[in-house]
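Participant: Build me a model from this:
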Amino acid sequence: MPETVKCFGCGAAVPETSRFCGNCGRLVVDPNTSTIVDETAAEDTLLDRLQRVLAGDFEVERELARGGMVIVFRAIDDQAKRAVALKVLSPELGLTPRAAERFKREGRMVAELEHPNIVPVYRVGQIGGILFIAMKFVEGRSLDEILDAQGPLPVPAIVLVLQAAARALAFAHDRSIVHRDVKAANILIDRDGRVMVSDFGVALRASDVTLTQDGAVIGTPGYMSPEQCAGQRATPQGDHYSLGMVAFQMLTGTLPFQADTLAGIMHHHFFTPLPDVRVARDDVPADLARIIERLTAKKPADRYPTTRDLMTELESLQLGAAARREAEQLLRRLAKGDAIAAVTTRSLPALPDTPTVPFVSAAPRSIFWKQRAWVGAASAVVVLGLAGWVVFRPATSDGRDSLGGGVVREDSVLPQVAAPAPARPRPPVTGLLRLLTAPSDAEILIDGRARGTGAVLDLPLAAGSRRLQIRERGYITFDTTITISADSTVSLGRIALRVSEQKP
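Facilitator: Predicted coordinates for the structure are as follows:
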């Protein structure tokens with residue numbers, strides 16, 4: 001009986017001699033290059049390796065979560081005798097100098113942020129080839145978990161969360177650090193009711209832009225500002241917009257802009273006015289509604305000049321002593337997993353339809369994301385590798401570009417722009433190639449043309465037979481032929497390049 005390997009896509013046993021899974025069709029083994037390994041097995045061996053290599057420094061207990069670059073474990077710091085969240089560089093990225101520098105830069109920046117409303121970093125280091133960041137293990141829950149379980153929150157509790165988050169962001173912005181991924185999952189509430197902003201892992205200094213490729217966008221689609229969608233430079237005003245999305249989510253229980261596709265979500269960020277939160281519930285103070293409206297303005301210049309200005313506005317939302325005590329008690333209960341009385345809301349009006357449009361750029365490269373649950377794309381972490389600004393070019397009724405073929409710049413993202421008419425239906429002539437590469441900085445070529453780099457690739461291609469190559473110095477080049485069908489997705493799973501025995 002032939003040996004088998006496990007398809008990490010569907011879990012089916014696949015003969016070692018087969019290249020594709022007979023159950024789901026994924027590429028499993030390419031005998032000329034590399035094997036797409038079982039992710040579960042890789043994770044198990046990583047935990048074993050951590051427990052062995054970090055022995056004496058940390059007692060690694062279990063995995064907590066994973067992100068685009070890291071896997072987070074709960075561990076005990078043997079020296080300080082305290083629980084920590086241990087962020088470890090994901091082996092899927094490969095320990096390339098670029099990825100290692102980005103990881104260490106993240107740790108250095110976050111370690112500088114000593115603030116009561118920011119999750120503290122205790123230690124950044126490298127042991128036995130493993131890069132790690134040890135940070136405070138927060139006993140509590142994320143705002144995302146709370147909203148999933150509870151739904152909309154009472155207004156006084158929302159005000160406390162927004163005030164604390166603004167204080168954290170203001171502290172970081174004063175030090176030229178922009179978070180770039182403000183969302184409910186990155187706002188933690190501990191069992192004492194303290195609100196803390198976490199995971200400044202995609203933050204950038206104003207002077208530290210060489211480590212991110214030109215035009216790259218890092219963030220979460222449902223929370224991203226229009227200029228962030230367009231690949232423009234991160235600013236505090238982008239964090240303001242994302243915090244406004246969080247505020248809307250806390251009030252209504254849902255993000256305002258949702259669609260079936262990533263392009264649809266971004267279209268809403270560009271063109272769709274924010275629904276009035278007071279339509280959903282009657283108890284929203286006019287001042288709070290006005291703050292959210294300003295936070296989520298389409299043009300950055302129409303938001304708050306500084307985060308200190310935002311703090312002043314939020315602090316002006318006075319809560320009586322009794323209301324504040326009750327809100328603090330509610331946050332403590334929610335952090336412990338207790339349920340509170342449900343907040344009743346009304347349905348919001350349906351969003352306008354979004355046209356089906358491609359991403360256009362001066363030199364298309366690739367689209368990357370960290371898949372959390374791709375159904376409902378607003379919860380995915382997205383990296384758009386575009387050489388220039390993203391160009392949304394929905395066609396007008398006469399077939400011309402409604403934006404004149406120009407790029408979307410800051411002064412062209414206007415709140416009063418109406419949603420353009422949908423383009424005339426055309427038969428699909430492209431399909432989608434989806435794969436994950438290791439190392440992350442490997443170059444992806446289609447028919448000999450470089451199309452991008454990165455850990456995960458989601459690339460539209462013309463239908464037909466295409467030559468796929470994945471190469472990186474020091475590794476054996478992956479070289480195969482794939483067939484792209486119109487209006488379909490070819491999912492190749494994880495392709496791990498084998499290390500070359502020859503010196504690069």
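Participant: Verify the contact between Asp190 and Glu139 for me.
Facilitator: Yes: Asp190 is within contact range of Glu139, at 5.8 Å (criterion: CB atoms under 8 Å). From N, CA and C alone the C-beta is placed, and that goes for glycine too.
Participant: Next, Glu106: secondary structure please.
Facilitator: Classification of Glu106 by DSSP: H, G, I helix; E, B strand; the rest coil places it in helix.
Participant: Where does the prediction get shaky in the stretch 401-504 of the chain?
Facilitator: By pLDDT under 70, the low-scoring segments of the stretch 401-504 of the chain are 401-429, 440, 453-458, 487, 491, 493-494, 501-504.
Participant: again, but for the stretch 251-400 of the chain
Facilitator: 354-400.
Participant: next one: the stretch 51-200 of the chain
Facilitator: Across the stretch 51-200 of the chain, the ranges flagged by pLDDT under 70 are 67-70, 90-99, 103.
Participant: Quick one: the helices in it, in order.
Facilitator: 97-111, 143-150, 155-173 (DSSP state H, counting those that start in this stretch).
Participant: hmm, back to that, of Asp190 and Glu139, which one has the most company?
Facilitator: More crowded of Asp190 and Glu139, by other CB atoms under 10 Å: Asp190, with 18 against 12.
Participant: burial of the closest residue to that one other than its chain neighbours, as a residue count?
Facilitator: Nearest non-adjacent residue to Asp190, counting by CB to CB, 6 or more residues apart in numbering: Gly140, 3.9 Å away. For Gly140, the neighbour count with other CB under 10 Å is 22.
Participant: And the one 4 residues further on, by the same measure?
Facilitator: Burial of Asp144, expressed as a neighbour count using other CB under 10 Å, amounts to 17.
Participant: Surely it touches Leu188?
Facilitator: No: Asp144 is beyond contact range of Leu188, at 9.6 Å (criterion: CB under 8 Å).
Participant: Against Pro221, how distant is Val155?
Facilitator: Val155 sits 27 Å away from Pro221, going by CB to CB, to the nearest Å.
Participant: So for these two, which sits in the more crowded spot?
Facilitator: Using other CB under 10 Å, the more surrounded residue of Val155 and Pro221 is Pro221, with 28 against 20.
Participant: The spatially closest residue to the more buried one that is not a sequence neighbour: how many residues sit nearby?
Facilitator: Using CB to CB, 6+ apart and skipping residues adjacent in sequence, the residue nearest Pro221 is Ile265, 4.6 Å away. A count of nearby residues for Ile265, using other CB under 10 Å, gives 25.
Participant: which other helices and strands contact the host helix or strand of Ile265?
Facilitator: Assigned by DSSP states H and E, Ile265 falls within helix 262-271. In terms of contacts (3 or more CB pairs under 8 Å, 6 or more residues apart in numbering; DSSP states H and E), helix 262-271 is packed against helix 226-229.
Participant: Next, count neighbours for the spatially closest residue to Val182 that is not a sequence neighbour.
Facilitator: Ranked by CB to CB, 6+ apart and with sequence neighbours excluded, the top spatial neighbour of Val182 is Ser242, at 3.8 Å. For Ser242, the neighbour count with other CB under 10 Å is 27.
Participant: now Ser242, what's its secondary structure?
Facilitator: For Ser242, the assignment made with three-state DSSP gives helix.
Participant: was I right about it contacting Lys183?
Facilitator: Yes: taking CB under 8 Å as the definition, Ser242 is a contact partner of Lys183 at 6.5 Å.
Participant: Check the spacing between Ala496 and Glu443 real quick.
Facilitator: Counting by CB to CB, the gap from Ala496 to Glu443 is 15 Å.
Participant: who has more neighbours, those two?
Facilitator: Ranked by neighbour count (other CB under 10 Å), Ala496 and Glu443 place Ala496 first, with 22 against 16.
Participant: Provide the partner residues of that one in its beta bridges.
Facilitator: The partner list for Ala496 in beta bridges (DSSP bridges) reads Ala438.
Participant: cool, Phe58 as well?
Facilitator: With DSSP bridges as the rule, Phe58 is bridged to Asp77.
Participant: That one - how many residues pack around it?
Facilitator: By other CB under 10 Å, neighbour count at Phe58 equals 22.
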